[in-house]
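A.B. asks: Pasted the sequence and its predicted model underneath.
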Amino acid sequence: MIQIEEVTKRYGDTTVVNGVTLTVAPHTVTVIVGTSGSGKTTLLRMINRLVEPTAGIVKIDGEDNRSIPGYELRRRIGYAIQGHGLFPHRTVAQNIATVPTLLGWEKDRTEAKVEELLKLFQLDPADFGPRYPHELSGGQQQRVGVARALAAEPNVLLMDEPFGALDPIIRSKAQEDLAAIQKHFGTTIILVTHDMEEAFHLADKIAVMDKGEVVQYATPAEMLVKPATPFVETLVGASERPFRLLGIETVGEAVEPGSAEGRPVPEVLSQRDALSELLWSGRSALPVAAANGEILGRVTLQAIVKRAARPR
Ligand SMILES: Nc1ncnc2c1ncn2[C@@H]1O[C@H](COP(=O)(O)OP(=O)(O)OP(=O)(O)O)[C@@H](O)[C@H]1O
């Protein structure tokens, strides 16, 4: 668990983070969004003490982060940034091994971890391990950056615009990978982005920052239904609201008894994608299947339209 308590950061007379309090539950994804210069990066970097707060406390699993030694903070908290920050003169394997090496892990343990992570990120260890960062595509570099941040098996992963430099297709793949990896390791993730689509896709909770303050900290659904301020309402995009609402729910949650024509859709598909399929194929219902292929029922256009309406 991460507890940020009344944290403030000032540079001279300028307050860039102003009395922020928020608690991040273990094994969840929290996404920080907000305007440029609103203090997102500063808040993130106060968690792993790359920036020292002027006032307030950050606790990691109940412990004041100022009382945790530097090497221990590096082990417990991974950090991945836009542009990946890979060391250009070190191979991919050496890059991923950075923190384990600093921590004095046995060579065999480090090598096994590097191999496990490369495989997990779908990079063949024999092929990619010996390469240098400039011999990788942007998407591959990004994966190595996240693998490096995860190498010492941190409980917490801080990510600052990790997918900012990727094109939309690779970006959406990278988001899927991250969601899968978060499930695999149960890591608590705090991610900064300016992309609301990404925020709604990944977040268990979203923190909206404006002028150094957190103006709302809520689940995506709460934020859509009850934006705390006009600024939040603008940020979530009034015209996008029904689609975002459908985007965070699955077809499995809207399934009803009955049959429908055509190829079934998986129950994990978002209702938004189901709506798109219904409109595109001109059908009024789709069969819904479980992962094992069993038909669970159908999802209808009518049911989805109802779910897209403002909850009352
Ligand atoms: N070391 C520093 N010295 C002085 N001012 C700083 C320093 N670091 C950040 N700031 C200022 O603090 C404010 C918040 O910066 P921060 O990087 O946290 O914002 P952000 O919300 O992450 O912005 P962006 O979305 O543009 O990355 C900005 O006005 C920035 O200029």
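C.D. replies: Sure, I can see it.
A.B. asks: So for stretch 268-280, mean pLDDT?
C.D. replies: Across stretch 268-280, the average pLDDT comes to 90.
A.B. asks: Other residues contacting that stretch?
C.D. replies: Stretch 268-280 is contacted by residues 243-244, 246-254, 265, 283-286, 291, 299, 301, 304, 307-308 when judged by Cβ atoms under 8 Å, 6 or more residues apart in numbering. Any C-beta I mention is one placed from the backbone N, CA and C, and that applies to glycine too.
A.B. asks: Got a ChimeraX select line for the buried ones in these?
C.D. replies: Command for ChimeraX that selects the buried part of the contacts of stretch 268-280, burial taken from 16 or more other Cβ atoms under 10 Å:
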select :243,244,246,247,248,249,250,251,252,254,265,285,286,299,304,307,308
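A.B. asks: quick one: contacts for the nearest residue to residue 265 once chain neighbours are set aside?
C.D. replies: Excluding the flanking residues, the one nearest residue 265 by Cβ to Cβ, 6 or more residues apart in numbering is residue 286, at 5.1 Å. Residue 286 sits next to 251, 260, 262, 264, 265, 274, 277, 278, 298, 299 when contact means Cβ under 8 Å, 6+ apart.
A.B. asks: Pull the distance from the helix or strand containing residue 286 to the chain's centre.
C.D. replies: Using DSSP states H and E, residue 286 sits in strand 285-289. Mean-position distance between strand 285-289 and its chain equals 29 Å (Cα atoms, centre = their mean, to the nearest Å).
A.B. asks: now do stretch 277-295
C.D. replies: Remark: stretch 277-295 is offset 28 Å from the chain centroid, using Cα atoms, centre = their mean.
A.B. asks: Pull the contacting residues for the residue nearest the centre of the chain.
C.D. replies: Nearest to the geometric centre of the chain sits residue 202, at 4.7 Å (Cα atoms, centre = their mean). Residue 202 makes contact with 29, 31, 175, 178, 179, 189, 191, according to Cβ under 8 Å, 6+ apart.
A.B. asks: The fifth one and residue 169, how far apart?
C.D. replies: Per Cβ to Cβ, to the nearest Å, residue 179 is found 16 Å from residue 169.
A.B. asks: Tell me which of these two has more neighbours.
C.D. replies: Higher neighbour count among residue 179 and residue 169: residue 179, with 14 against 9, using other Cβ atoms under 10 Å.
A.B. asks: thinking again about what came up before, in CSV, please show the C-alpha coordinates belonging to the strand holding residue 286.
C.D. replies: In CSV, the C-alpha atoms belonging to strand 285-289 read as follows (Å, rounded to 0.1, in the frame of the first residue of the first chain):
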residue,chain,number,x,y,z
ALA,A,285,-27.6,-9.5,-31.2
LEU,A,286,-24.4,-11.4,-30.9
PRO,A,287,-23.8,-14.9,-29.4
VAL,A,288,-21.4,-14.8,-26.4
ALA,A,289,-18.9,-17.5,-25.7
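A.B. asks: immediately after it, which helix or strand?
C.D. replies: Next helix or strand after strand 285-289 toward the C-terminus (DSSP H and E): strand 295-300.
A.B. asks: List the ones among the contacts of residue 202 that fall in strands.
C.D. replies: Secondary structure from DSSP state E places 29, 31, 189, 191 of the contacts of residue 202 in strands.
A.B. asks: Turn those residues into JSON lines, columns for distance to the ligand and neighbour count.
C.D. replies: Shown next, in JSON lines, are the ones in strands among the contacts of residue 202 (distance: Cβ to the nearest ligand atom, whole Å; neighbours: other Cβ atoms under 10 Å):
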{"residue": "29", "distance to the ligand": "18", "neighbour count": "22"}
{"residue": "31", "distance to the ligand": "13", "neighbour count": "25"}
{"residue": "189", "distance to the ligand": "17", "neighbour count": "25"}
{"residue": "191", "distance to the ligand": "12", "neighbour count": "25"}
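A.B. asks: Domain-wise, how is the protein divided?
C.D. replies: Per the TED database, the structural domains of the chain span 2-237, 243-308.
A.B. asks: Quickly compare these and say which is most buried.
C.D. replies: Sort these by mean neighbour count, taking mean count of other Cβ atoms under 10 Å, and domain 2-237 sits at the top with a mean of 18.
A.B. asks: if I read this right, residue 129 contacts residue 116, doesn't it?
C.D. replies: No - in this structure residue 129 lies outside contact range of residue 116 using Cβ atoms under 8 Å: 11.9 Å.
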